Structure formats: C-alpha cells, structure tokens
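A.B. asks: Just a sequence and a predicted model for now, questions to come.
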Amino acid sequence: MDANQRHVAVMMPKPDQDRPSWGRVGIIAAVGFVVGIAWPRVAGVKLGPSAPGESERALAAASAAPPSANLAAPAGSAKSASIASSMPSVAGSAAAAASAVALAAPPDVTVARGILLNCKTSDGESQKGADCGKAPNFDVVAQNRLQHLAQCSAAAGVVGKLSAVFSLDFGSGRIAIDIGKSSTITNQDSIGSCLKTEFLGMNIAGLTHEHPKYTMAYHVTFAAPKEGGSPSPADSAPPAAITEGAPTAQIGWEVALVRDTPKTGAIVARLPRGSKVRVGAPKDGWYRIQYGNAFASEGWVYRGAIGK
C-alpha cells in the first residue's frame, strides 16, 4: 500500500441511534406556530384580506353610529365640551326669528289725499295738474285700499314713506301703478306687490272724470305701531256724515248689498250696476253711501262694489 494512501472509515449508527429526536421536532414546531400564527393575531396584524361579509358588517356598524359619536371630544377635554355647549342652535335661531316676525304688529299707515300730476285730454294734449281742472273721483276707492297695506305681511316692522303713482286710463278702465322715486321704505318690491294686489282687476270706468287719462300720486306713511296697540281717537271716532258736496260714484257689481252697519248689518237695499251713489268716509273696508232719489237713503256697501 502506498504510504500516501489514506484509510477512509465509515461509521454506521447503531440501531438505537437511527431515529429522529422528537423532542427537538416538537420545540421547532412550537416556535414556528408562535411566530407564524399566534403572534399576528395577538398583535392585531392581518396577513390576508377580510371576508366580504366581515367588511359589510363593519360598514353597517359605522353607518348606524349616531353622528355625534364621530364628533365627540376626547374624554377629559373640558374646553371642547364648553365650546360645544356654547354654540347656538341654527334651527332654534331661525325659529325664534320667524316667531318674532310673525308676532310683529302691523304698522300705522297714514294716506294723504291724492295729488293730480298731469292729464291727457280727448284731443291727446298733455296738461299739468293745475290745468287739468277737477281731479277724478279716485280718492273714493284709493285711500281705503292704500290704508289696507298695513295688513301686508311685508309691512311688518316697516317705517318710512311710499310714493304710489297711478296712471288712470278711463277709456279702458285700467290702472297702472309705479313706485315713486321719493319712497324711503327699504322693501319696495315686496310692498309694491301688495300694492298691485290691492288694485288688481279694479275697473275705474264708473268714477266721475273729465279727461280720459290722469296721473295721480299718493303718499303713504308707515310708522311704528303705538305702544299697546290701542287705537287713536281718530281711529275710534265714527265716520263723518255725508255732505252734499261729497263725491259721487257708480255701483260696479251686478248687485251691491246695502247694509245699515258695516260687515254684519241688516240688508236695507240692493243696488244694481250703474246706480249712482254719494260716497262718504270708509270704515273697515266699507263705504258709507247715500243712494236713491235725491240721495235720500243711506247705508253701507263693501268697497269692492264701488267703481267696478
């Protein structure tokens, strides 16, 4: 045998040594279970996507939670709680404002006599007020309707003056209304709507007049209501008696009921369309009139029956 040749020894295990060490295998398996499965669950780490049903349940739970839960301040935050409690309720403020407007008393409304600005003759000639002669009998129906603007919802709390300009066309029996530049009230558009509603559909053909067209202006004053809402002596005084020089007009309705007192009085006469009456002062939307032969009879008719 060559001196450089080495011997290779092969060791064969004994029968009792040729088996795995189950103790070590158990230790390795336990460590793997803790690292791979148990630890992520304990730490709250998800190793895969959630099941569809689980996501839907989470979304439903979030939707069902009250809105205040998402806005709640952290526990112990006294400053946040104080700010939240001091914030006013928007809905409550709006309701309070609406109640204040609803309870506002109507203003005191004063209407001056109409001013004749100009007219147009049957020849088409325009003339200024002083040259037009006697004004048409428009005050009979205009003043009471202008007074009624106090009941317009837009008039609550209004203080100032309204200049109402009327263009009267006796040929067609129609009225056009404009707001004058001298008006000082703030909500002119809203008051103007109420103004036009008061005169909507009114026909003036039955009023006495000399020329076919006139322009007249009325100044209406809105003032704060008197404290306590008690009527002034002028308001509570009975309407003055009708004088011989009182303006005349015609009944515009097919039949106008004449009562002995305004609103609920007994019916004393029925006047057909075109009946000529002498008109006195208004009261609560009714006019005191004289009618019949030589205007010998007297009673009350609703304002709408005159001049329509």
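C.D. replies: All right, it came through fine. All values derive from a computational prediction rather than experimental measurement.
A.B. asks: which other helices and strands contact the helix or strand hosting residue 268?
C.D. replies: Residue 268 is part of strand 267-272 when elements are defined by DSSP states H and E. The helices and strands touching strand 267-272, judged by 3 or more Cβ pairs under 8 Å, 6 or more residues apart in numbering; DSSP states H and E, are strand 255-259, strand 297-302. Every C-beta, even on glycine, is put in place using the N, C-alpha and C of the backbone.
A.B. asks: what packs against the longest one?
C.D. replies: It stands for strand 297-302. Using 3+ Cβ pairs under 8 Å, 6+ apart: strand 297-302 touches strand 255-259, strand 267-272, strand 286-291.
A.B. asks: What are the buried residues along it?
C.D. replies: For strand 297-302, the buried set under the neighbour-count rule, 16 or more other Cβ atoms under 10 Å, comprises 298-302.
A.B. asks: Same check on stretch 265-275?
C.D. replies: 269, 271, 275.
A.B. asks: Identify, from those residues, the entry nearest to residue 215.
C.D. replies: The nearest member of these to residue 215, counting by Cβ to Cβ, is residue 275 at 28.9 Å.
A.B. asks: Show the pLDDT at that closest one.
C.D. replies: Model confidence at residue 275, given as pLDDT, is 92.
A.B. asks: Specify the beta-bridge partners of the closest residue to it other than its chain neighbours.
C.D. replies: In space, and not counting its chain neighbours, residue 275 is closest to residue 251: 4.4 Å by Cβ to Cβ, 6 or more residues apart in numbering. Beta-bridge partners for residue 251, by DSSP bridges, are residue 306.
A.B. asks: Secondary structure element for residue 146, which one?
C.D. replies: With DSSP H and E as the test, residue 146 turns up in helix 139-147.
A.B. asks: Might you list the low-confidence residue ranges for the stretch 51-200 of the chain?
C.D. replies: For the stretch 51-200 of the chain, the stretches with pLDDT under 70 are 51-104.
A.B. asks: which stretches of it form strands?
C.D. replies: Along the stretch 51-200 of the chain, the segments classed as strands by DSSP state E, counting those that start in this stretch run 108-111, 115-120, 126-128, 160-169, 174-179.
A.B. asks: now the angle between strand 160-169 and the second one, please.
C.D. replies: With axes from the mean of the first three to the mean of the last three Cα atoms, to 10 degrees defining the directions, strand 115-120 sits at 20 degrees from strand 160-169.
A.B. asks: Any buried residues in strand 115-120, and which?
C.D. replies: Result for strand 115-120 [16+ other Cβ under 10 Å]: buried residues 116-120.
A.B. asks: Just the CA atoms of the strand holding residue 268, as CSV, please.
C.D. replies: Extracted in CSV, the C-alpha atoms of strand 267-272 (Å, rounded to 0.1, in the frame of the first residue of the first chain):
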residue,chain,number,x,y,z
ILE,A,267,-129.6,94.4,4.4
VAL,A,268,-131.6,97.5,3.7
ALA,A,269,-131.3,97.7,-0.1
ARG,A,270,-129.9,96.1,-3.3
LEU,A,271,-128.4,98.4,-5.9
PRO,A,272,-127.9,97.2,-9.5
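A.B. asks: residues in contact with the very next helix or strand once past it?
C.D. replies: For strand 267-272, the following helix or strand on the C-terminal side (DSSP H and E) is strand 276-283. For strand 276-283, contacts defined as Cβ atoms under 8 Å, 6 or more residues apart in numbering pick out 137, 140, 143-144, 147, 238-242, 246-251, 262, 271, 287-291, 295, 300-301, 303, 306.
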